[in-house]
Structure formats: C-alpha cells, structure tokens
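Engineer: sharing a sequence plus its predicted fold:
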Amino acid sequence: MMEEAASQLERDHVHNVYDKIAPYFNDSRYKAWPKVRQFLLDLLPGSIVADIGCGNGKYLHINKEVFKLGCDVCRPLVDFAWSQGHEVQMCDGLCLPYRDGCFDAVLSIAVIHHFSTKERRIRAIKEMARTLRVGGRIMIYVWAMEQKRRKFEKQDIFVPWNPNPHLASSCNREDAKPRRRVTAQSVSEVIDNTENHRKVRSTSSVADEEDMTQMVPQQGTQRLWFFSRSLDSVFDFGSLAISWPSSRDLRQLSSATGESEGNKANQRVRGRGLIKQVSSFFSPPSVIGSEEDVFDSDVDLQKGQNDSGGPSNPTNNKGKENQGVSVSLVQECGSLALPDLISLQQEHLKQSEDQSPREPIGTEQQEGRESPEGSEEQVEASCLRYYHVFREGELAELIEHHVEELHVIHSYFDHANWCVVAEKVQVWKI
Amino acid sequence: MKLLTHNMLTSHVKGVTKGYPLLIKATEVKVNEVEFNPKFVCRMIPKLEWSTLVQAADQLGHREELPGELVPDYEKNGDFLKKVHRVLLEVEVIEGCLQCPESGREFPISKGIPNMLLNEDEA
C-alpha cells in the first residue's frame, strides 16, 4: 500500500511534472556542476559510465575518452539527450536494466531526492551499486535541507515550477481575491483555490544551476513550498498542512500597486505578500515549528511605501508593520541559498551588501504582466515537484547503514547539495 | 542504440533469472561514421561479453568476419580493432525491439532509444 502511494506520488509530482517542464530544461542556465565534471574527467580512458537520471544529458558530453550512457524516466528529456548524440534509455531507477558490475562509474545527480520513501531511496542506491563493478565509484548529489542562512523546516516538500523563470514574479493582479487562512488541506485543493502560486519563481534542481556570475540578475524571488509530511511517517495523504497569508496581507498587496510599468516601488510591494507566505515555511534554527516567527532580530526593517487602500481593518497599523517586515523578508528570502536558486542568492547578497533597495527588473516585470493566464496557470498549478531534502550526514548514513556494498570515500557540501562519492566493495557472505 | 550499449542491457522482468542477453529484432538500422580510437576500443574489449556482441552483430546482419572468440594479442591487431570499432560504435538500431530471452517480453526501441520501463505487474 505504501509502495503504491509512494509510486503514485512520484508519478504525479516527479514524472508528470518533468514531462511538462522538459521543454524549458534547455535554458542556458543549466550547465554541469564543476565537481561532477571533474569526477568524469578523472575517469580512466576506456571507462564506461552511466548517468542514472540523466535528464537532458548535460553530463553526457564530458570526457571523450570514456563511454557514457544515460537513462531517465522522462521521455522528452531523453529525446533531447538523444538529439545531442548521446546513448540513452528510458528506465526506472528502482529497476535498472543493466547487468551486474558493468559500469566503472555511476552518476546520480539530483535524482534520489525525488524518491518519496527512505526505502525507495535505499533501493535506488542499491540498484546503482549493483551495476557498478568492484572498485568502481558512484557520485551522488541530493538537495540539502540546510541552506546558508535558513533551513527548510521540513524534509519533504513540494516545489512549484515557473515556466518563465526570467520573468519577475508578481504575486498578484488587481483581481486577486482575499484568501482565508487554511490549514490541513490537501495540496491540490489549495492550489485550486488560489492564484498566488502561479507567479512563483522556481528553477530546476541545484545540479542544473551554473555559476552565479553568469546569471541575469533577478528580482527578489518569491518562492513557495508546500510541506508535506513524509510518507514514511504518515500514510494519510490528506494531512498536508499548508499555511497561507491572511486576507489582510493580500488586499494590501492588491490595492497598493498601480499598473505603472517599471515602477520599482510597486514591484517591491508585490513581492511582499508572497514572501510573507514563504516566510511562514522557514524558521531560524532556534525556532522550530513556528509559522509566523521567521524574522531575525537584526533584520533591517524597511518601511513599506505603499500602504494605500488597505482593508478597513482595525489593525491597519499592524498591517503597515507587517508590510515593512515583509519587505525585509524579501531581502532575507532573496538571500536564501536555495538549492535551485544559488545564483540568485549570490546576486542578492551583493545587493544587500550595497544597502540599496532591491532592484527589480523593469522590463521583465512588464513582460510578466503580459503573460498569459489560463494555460500557464494550469501548468504551474500541476507542476509541483516532490523533494525529500537531506539533512547533513543523512546520505552518508543511508549508505553506511543500508548499502554494505558501497563504501563512502568523500562526503561534502556543494552549492546547496549534499554529496557523496562511494566505492563499490566486494561483500563476502558466509 | 549502439551494440556497446546493448552489451550492458538486460531484462529485469520480475522472476526472470536469465534476462541476458536481449535478442535484437531490428526494423531500422543505421551505420554512422565514428572516429576510430584504437586505444578506446582496446580498453572496451575486456569489459564486454564477447559472445553477446557477436550474436548481436549477427542478428543485425553486420557480423562481417567478426571472430566467435577473441583473438590473442588483439591489442596490436589494427584490423581486428577496426572491425570491433565498427560493430560496437558505428552500427545503430533506430527502430525495433529487444526481447527478453526468458519471458519473451519485448522492449521497444524507437528513435534509437530503448524503452526499458516495466509495467507495474512486471516490476
């Protein structure tokens, strides 16, 4: 039963999503991680290496002296890899179609964090270990729970996808409806009820991000994560808790902005509400489980400029405060070292250092306003990717305790990923 | 799908113990020109199941004097290496299927890509 639920979750929130977003994966942002590249370059000439979960095949061109093959469940991505001249197959990470010990090396870059139970993650690692020859090495990258300045509050999350990542995300339009605070609703129900998620910016996994210096500077990012309880601990699918901003925040947001193009203040205000939403998912290490209390005491509060037309609410004053705090949160969240937005983090760290107000992207914001409704909204609504983000040491422990045929050689943190290099060892059974 | 890849592929249908090698039924085969690197081919040979390679080449009608067993001192045999190179890397199955020798289950190859995904009841 658990197995069915796990596989259904992965079908809906990994496979189906990648099928939809595959066309956007060939954005120039997505390049190979340097350490992964080095791992491949260090292989002996004549080696055979498999990239399990190869996606669009971005690692398959590295090192002409070795034979590479890749596989993935996502057909559009595999098709693309093929079009680049690579040997690729469709297959499932839990049941690899390769004979025992046929590879000298295996890559698993930003893949196993998509498996929804611990047992499946172990199985995936064991399968890859099976295909490795004794002495062969595997490199595994997974998203880290611990980011530079914040931690994900939970380990099992849904991350939305924005098909237009270069467009600044405006969190609402003038027709945004006020939302009641909801909790304990199913994810899909909540998605249907709101428009906010549609303007969330998200990219693919961290393994795809290139060095930040080449990134186009982005506005304060607005991100949204839905936290789910791990399937391992709770089998009941209905108990997903999501927190939404109060209607007050949203109304302030919608009325505070005009339609003036390129108005930076407006754009900043737009960011606030959604960031407030994001804030409720994060907590500083000392505060666990609190949804609202996310601000550092040393946060530099900027007072909001647009506080017009707020709701007739006795706590208008507080509203203003919230707005001010939210603005600072934009900076906070913008500087979060998220797995998939590491380059943005660097950008915003630079900006915060300058002590200058965040620079939104004028033209891109305009584009954002022109963006179509309907279909894009639909795509985003259903494009929630499931991730199990790993704690420090979790990946190495998983291998040490459950995969005796692998011996961990290196364990490190790389750009918001936990990484392990392990070697296949001969296991003698009596 | 190149024959070097095919050499690694096996059927993983539940319950099957002898899923290797997969039989190739090709409806479209292409031969490309790939830069010959004798050292590369040399290093590949020990990693191959040689009989599988010969059988596969045969099934595609591209065996062309490939010996049934490895020749001794093949490292120095340029002709031999060239033949192996051709069969390993230049011959490609574009359309067809791979058949599990034990269960008979067919895995389609389309646009050069084998689909090895199993149905729920086969996994």
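Structural biologist: Thanks, I have the structure now. No experiment lies behind these values; they were computed from the predicted model shown. Numbers count the residues shown, from 1 in each chain, chains lettered A, B, ... in the order given.
Engineer: quick one: name the residues of the stretch 1-150 of chain A near chain B.
Structural biologist: Residues of the stretch 1-150 of chain A found near chain B (Cβ under 8 Å from any Cβ of the partner chain) are A:7, A:44-48, A:65, A:67, A:69, A:71, A:73, A:78-79, A:82, A:87-92, A:94-99, A:102-104. (C-beta placed from N, C-alpha, C; glycine too.)
Engineer: can you rerun that using 7 Å?
Structural biologist: A:45-46, A:48, A:65, A:67, A:69, A:73, A:78-79, A:82, A:87-92, A:95, A:97-99, A:102 (Cβ under 7 Å from any Cβ of the partner chain).
Engineer: how about the strands in chain B?
Structural biologist: Taking DSSP state E as the criterion, chain B carries its strands at B:23-31, B:91-99, B:106-110, B:113-114.
Engineer: report all helices and strands that the shortest one contacts.
Structural biologist: In terms of contacts (3 or more Cβ pairs under 7 Å, 6 or more residues apart in numbering or on different chains; DSSP states H and E), strand B:113-114 is packed against strand A:87-90.
Engineer: 6 Å - rerun?
Structural biologist: The helices and strands touching strand B:113-114, judged by 3 or more Cβ pairs under 6 Å, 6 or more residues apart in numbering or on different chains; DSSP states H and E, number zero.
Engineer: again, but for the third one
Structural biologist: Counting by 3+ Cβ pairs under 6 Å, 6+ apart, the packing neighbours recorded for strand B:106-110 are strand B:91-99.
Engineer: which residues of chain B lie near chain A?
Structural biologist: Where chain B comes near chain A, counting by Cβ under 6 Å from any Cβ of the partner chain, the residues are B:2, B:5, B:8-10, B:12, B:20, B:40, B:43, B:112-118, B:123.
Engineer: follow-up on the earlier one: make JSON lines out of the strands of chain B and add distance to A:A416, mean pLDDT and mean neighbour count.
Structural biologist: Listed next are these as JSON lines, based on distance: least, Cβ to Cβ, whole Å; pLDDT from 0 to 100; neighbours: other Cβ atoms under 10 Å in any protein chain shown:
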{"stretch": "strand B:23-31", "distance to A:A416": "42", "mean pLDDT": "96", "mean neighbour count": "15"}
{"stretch": "strand B:91-99", "distance to A:A416": "39", "mean pLDDT": "97", "mean neighbour count": "20"}
{"stretch": "strand B:106-110", "distance to A:A416": "37", "mean pLDDT": "97", "mean neighbour count": "18"}
{"stretch": "strand B:113-114", "distance to A:A416": "32", "mean pLDDT": "98", "mean neighbour count": "23"}
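Engineer: between the ones you listed, which one is closest to A:I52.
Structural biologist: strand B:113-114 (15.0 Å; Cβ to Cβ).
Engineer: now the stretch 101-250 of chain A against chain B: closest residue?
Structural biologist: Closest contact between the stretch 101-250 of chain A and chain B, by Cβ to the nearest Cβ, is at A:C102 (4.6 Å).
Engineer: got it, and chain A?
Structural biologist: For chain A, Cβ to the nearest Cβ, closest residue to chain B: A:G46, 2.4 Å.
Engineer: count of neighbours near the nearest residue to that residue once chain neighbours are set aside?
Structural biologist: In space, and not counting its chain neighbours, A:G46 is closest to B:R43: 2.4 Å by Cβ to Cβ, 6 or more residues apart in numbering or on different chains. The tally of other residues near B:R43 (other Cβ atoms under 10 Å in any protein chain shown) stands at 20.
Engineer: residue contacts, A:H407?
Structural biologist: A:E423, A:V425 (Cβ atoms under 6 Å, 6 or more residues apart in numbering or on different chains).
Engineer: who does the lengthiest helix in chain B touch, helix- and strand-wise?
Structural biologist: Counting residues, the longest helix in chain B under DSSP state H turns out to be helix B:50-59. With contacts defined as 3+ Cβ pairs under 6 Å, 6+ apart, helix B:50-59 has these neighbours: helix B:3-8.
Engineer: elements contacting the helix it packs on?
Structural biologist: By 3+ Cβ pairs under 6 Å, 6+ apart, helix B:3-8 packs against helix B:50-59.
Engineer: now the helix it packs on: buried residues?
Structural biologist: Neighbour-count burial for helix B:50-59, counted by 16 or more other Cβ atoms under 10 Å in any protein chain shown, picks out B:W50, B:T52, B:L53, B:V54, B:Q55, B:A56, B:A57, B:Q59.
Engineer: now swap in stretch A:418-430 and tell me
Structural biologist: Result for stretch A:418-430 [16+ other Cβ under 10 Å]: buried residues A:W418, A:C419, A:V420, A:V421, A:A422, A:E423, A:K424.
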